[in-house]
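Engineer: Have a look at this fold, sequence not included:
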Ligand code: HEM
């Protein structure tokens, strides 16, 4: 039944339920009338009569249910499909989406314009919407109608891949949104200190060109800076802790994708063969335990405040966990939580920076304007969060790079928990997913002039023209700029991420010259399903600025 449940087609579930219902009703009736009671002489005739009565009653009931199902499928079929929609054949569409999601989405957009359409995946249908009206309705739908969390659990098989006790417990998102963001001004010098130290270790500035694999180097640097904010010194420079944080992130993604190829009943058997999170969590717990225990002792002894109290994510999470279930306060639960936050933070930020670095190395003429901006601001105001906010070109460069690339063709993905109808009549049945197609938004002429061109000062020019301070900043989420999502579930870590990325780009601009290993050949992203990754082995050359 569950295997059939993977078919992205309407109808079987209700039929399955009906079949069981009829069967169960017949069985209960039989048992009551024949086996459970003594039978008078005319009992079997009466039982026959009862059986016919029940059957006669069931025929109209079945017809009504069939009619309702047929009407429902009409609503369901009204949304056009890219690829075949018939049962089994839809797997062909799902395979195509897995190999070439971008062209499937582009075909949908070219054929249906801004109207919603659906694409098959191996588990369910994905309804793709793109107008501001649809996006707004998606954003406003309550969590018990459409769930962001349940979609993420489905998509990455979190119940297996995270190694977490309760994958629906997301109190860390609130800590990130509020406490981390509130502390950014205080932490900005620590962040900059780690930026300088991490770059110096991974890419020493020399007078000769040094060639480095961009993606893996940026991942190491991002891991260090983020970990400085998550657990502080000295652990953020411990190679083993950094290595396992990066591996955990990769493991969650690959395990999630591999398990997605199997039906639910096989996942418990396949999971141990592909998943190594338990070992990674063991090591993280071992490395974090001394810190956790020392902090726990201080919290018990001094309460909320003591001299040299750490101001980092681990501390905020420990304090928030006191208000959560006791299970969240164990060393292991805290270690998993730190790894899960790393999962959200490391992969996304390192990809975002790698794309920007590829654009910079492919267009080295942009380094000078960036350098001039950073140096002017630093000489006038010194290093601070406020100084970073003034760096409009740095912000615009990163924002434009993220507009053209991103890490998923489908964002704001939600699982439909109750049948949902958009105001234009588009019907999405319970169990399917809805998402926004980012290329359709980010490459729209209506929103962006020459949308497929990389224009690094696009957003800083907009800020200069309109004089609107906040509207065109990278951190701002709007229906025409979706890399951080939109609404209640928009990325809570984006304020930190943008600070981190801007600090990195500012540092690169004033410290290095950069160039591509193969000039003029922008490394192409790698795509699997709807996931996009920057080219994983392309190299960028660095030297001390001349
Ligand atoms: C450039 C870097 C980043 C990008 C592009 C990014 C993007 C996103 C996106 C697209 C979402 C889902 C929103 C949606 O689809 O509606 C998301 C969610 C999330 N992000 Fe980020 N993110 C980044 C960095 C970070 C960092 C640094 C953290 C943590 C410090 C973080 C923590 C989270 C969390 C916890 C969620 C889940 C929110 C929820 O459950 O409501 N992200 N992020």
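Structural biologist: Received it, and whenever you're ready, just let me know what you need. The structure displayed is predicted, hence computed values, not measured ones.

Engineer: ranges for the strands of this structure?
Structural biologist: Counting by DSSP state E, the segments of the chain that form strands are 117-120, 125-129, 146-147, 210-213, 410-416, 420-421, 427-428, 433-437, 512-516, 526-528, 531-533, 539-544.

Engineer: closest one to the ligand among those?
Structural biologist: Shortest separation from the ligand across those is recorded for strand 410-416, at 4.1 Å, computed as CB to the nearest ligand atom. The way it works is simple: take the backbone N, C-alpha and C, and place the C-beta from them, glycine included.

Engineer: Which residues does that closest one contact?
Structural biologist: 101, 105, 126, 128, 135, 138-139, 141, 145-148, 150-152, 154-155, 428-438, 482-483, 485-487, 489, 530 (CB atoms under 8 Å, 6 or more residues apart in numbering).

Engineer: which ones are touching residue 261?
Structural biologist: With contact set as CB under 8 Å, 6+ apart, residue 261 has these partners: residue 122.

Engineer: Tell me the residues on the stretch 101-250 of the chain that lie near the ligand, please.
Structural biologist: Within the stretch 101-250 of the chain, the residues that sit near the ligand (CB under 6 Å from any ligand atom) are 148, 170, 173, 176.

Engineer: could you redo the last one with a cut-off of 5 Å?
Structural biologist: Within reach of the ligand by CB under 5 Å from any ligand atom, the stretch 101-250 of the chain has these residues: 173, 176.

Engineer: Contact partners for residue 377?
Structural biologist: Taking CB under 8 Å, 6+ apart, we find residue 377 in contact with 387, 390, 391.

Engineer: quick one on the thing from earlier: could you dump the strands of the chain into a markdown table and include mean neighbour count, distance to residue 498 and mean pLDDT?
Structural biologist: Rendered in a markdown table, the data for the strands of the chain read as follows (neighbours: other CB atoms under 10 Å; distance: least, CB to CB, whole Å; pLDDT from 0 to 100):
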| stretch | mean neighbour count | distance to residue 498 | mean pLDDT |
| --- | --- | --- | --- |
| strand 117-120 | 26 | 31 | 93 |
| strand 125-129 | 25 | 26 | 94 |
| strand 146-147 | 22 | 27 | 95 |
| strand 210-213 | 14 | 24 | 96 |
| strand 410-416 | 22 | 17 | 94 |
| strand 420-421 | 16 | 32 | 95 |
| strand 427-428 | 22 | 33 | 94 |
| strand 433-437 | 25 | 21 | 93 |
| strand 512-516 | 21 | 21 | 97 |
| strand 526-528 | 14 | 25 | 88 |
| strand 531-533 | 18 | 20 | 91 |
| strand 539-544 | 19 | 22 | 97 |
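
Engineer: if we can go back for a sec, of the contacts of residue 377, just say which sits nearest to the ligand.
Structural biologist: For the contacts of residue 377, with the ligand as the reference and CB to the nearest ligand atom as the criterion, the closest is residue 391, at 16.4 Å.

Engineer: Contacts only, for the closest one.
Structural biologist: Under the criterion of CB under 8 Å, 6+ apart, the neighbours of residue 391 are 373, 374, 377, 502, 506.

Engineer: Kindly report the same for residue 183.
Structural biologist: Taking CB under 8 Å, 6+ apart as the criterion, residue 183 is in contact with residue 311.

Engineer: What distance do you get for it to residue 175?
Structural biologist: As for residue 183, its distance to residue 175 is 11 Å (criterion: CB to CB, to the nearest Å).

Engineer: quick one: low-confidence ranges for this structure?
Structural biologist: For the chain, the stretches flagged by pLDDT under 70 are 1-52, 54-55, 65-76, 324, 467-469.

Engineer: In helices, which of the contacts of residue 377 appear?
Structural biologist: 387, 390 (DSSP state H).

Engineer: What is the burial count for residue 228?
Structural biologist: Using other CB atoms under 10 Å, residue 228 has 23 other residues around it.

Engineer: no no, residue 202
Structural biologist: Per other CB under 10 Å, the neighbour tally for residue 202 reads 16.

Engineer: just checking, it touches residue 221?
Structural biologist: Yes - Residue 202 sits in contact with residue 221 when judged by CB atoms under 8 Å, with a separation of 5.5 Å.

Engineer: Skipping its backbone neighbours, what lies nearest the residue nearest the centre of the chain in space?
Structural biologist: Nearest to the mean C-alpha position of the chain, counting by CA atoms, centre = their mean, stands residue 152 at 6.9 Å. Distances taken as CB to CB, 6 or more residues apart in numbering place residue 158 nearest to residue 152, at 6.5 Å, with adjacent residues excluded.

Engineer: can you check residue 503 too?
Structural biologist: Nearest residue to residue 503 in three dimensions, chain neighbours excluded: residue 195, at 4.8 Å (CB to CB, 6+ apart).

Engineer: OK, contacts around the one you found?
Structural biologist: Contact criterion CB under 8 Å, 6+ apart gives 221, 225, 500, 503, 504, 507 as the residues in contact with residue 195.

Engineer: The strands of the chain into TSV, with extra columns for distance to residue 354?
Structural biologist: As requested, these are exported to TSV (distance: least, CB to CB, whole Å):
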stretch	distance to residue 354
strand 117-120	28
strand 125-129	27
strand 146-147	31
strand 210-213	10
strand 410-416	19
strand 420-421	37
strand 427-428	35
strand 433-437	23
strand 512-516	12
strand 526-528	11
strand 531-533	9
strand 539-544	9
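
Engineer: Now do the same contact list for residue 500.
Structural biologist: When the contact criterion is CB under 8 Å, 6+ apart, the partners of residue 500 are 191, 195, 222, 225, 226, 349.

Engineer: oh, I was asking about residue 314
Structural biologist: Residue 314 is in contact with 230, 231, 232, 288, 291, 292, 295, 334, 338, counting by CB under 8 Å, 6+ apart.

Engineer: Get me the contact residues on this structure for the ligand.
Structural biologist: In this structure, the chain approaches the ligand at residues 173, 176, 344-345, 348-349, 352, 411-412, 483-485, 489, 491, 493, 497, judged by CB under 5 Å from any ligand atom.

Engineer: again, only this time at 6 Å
Structural biologist: Where proximity means CB under 6 Å from any ligand atom, the interface of the chain facing the ligand comprises 148, 170, 173, 176, 341, 344-345, 348-349, 352, 411-412, 483-485, 489-494, 496-497.

Engineer: now the helices: where do they sit in the stretch 101-250 of the chain?
Structural biologist: Listed in chain order, the helices found in the stretch 101-250 of the chain under DSSP state H, counting those that start in this stretch are 132-140, 148-156, 158-161, 171-175, 181-182, 184-202, 214-231, 239-259.

Engineer: winner for burial among those helices?
Structural biologist: Mean neighbour counts were compared across the helices of the stretch 101-250 of the chain using mean count of other CB atoms under 10 Å; the top stretch is helix 214-231, at a mean of 24.

Engineer: Could you check the angle it makes with strand 539-544?
Structural biologist: Helix 214-231 and strand 539-544 meet at an angle of 70 degrees, taking axes from the mean of the first three to the mean of the last three CA atoms, to 10 degrees as the criterion.
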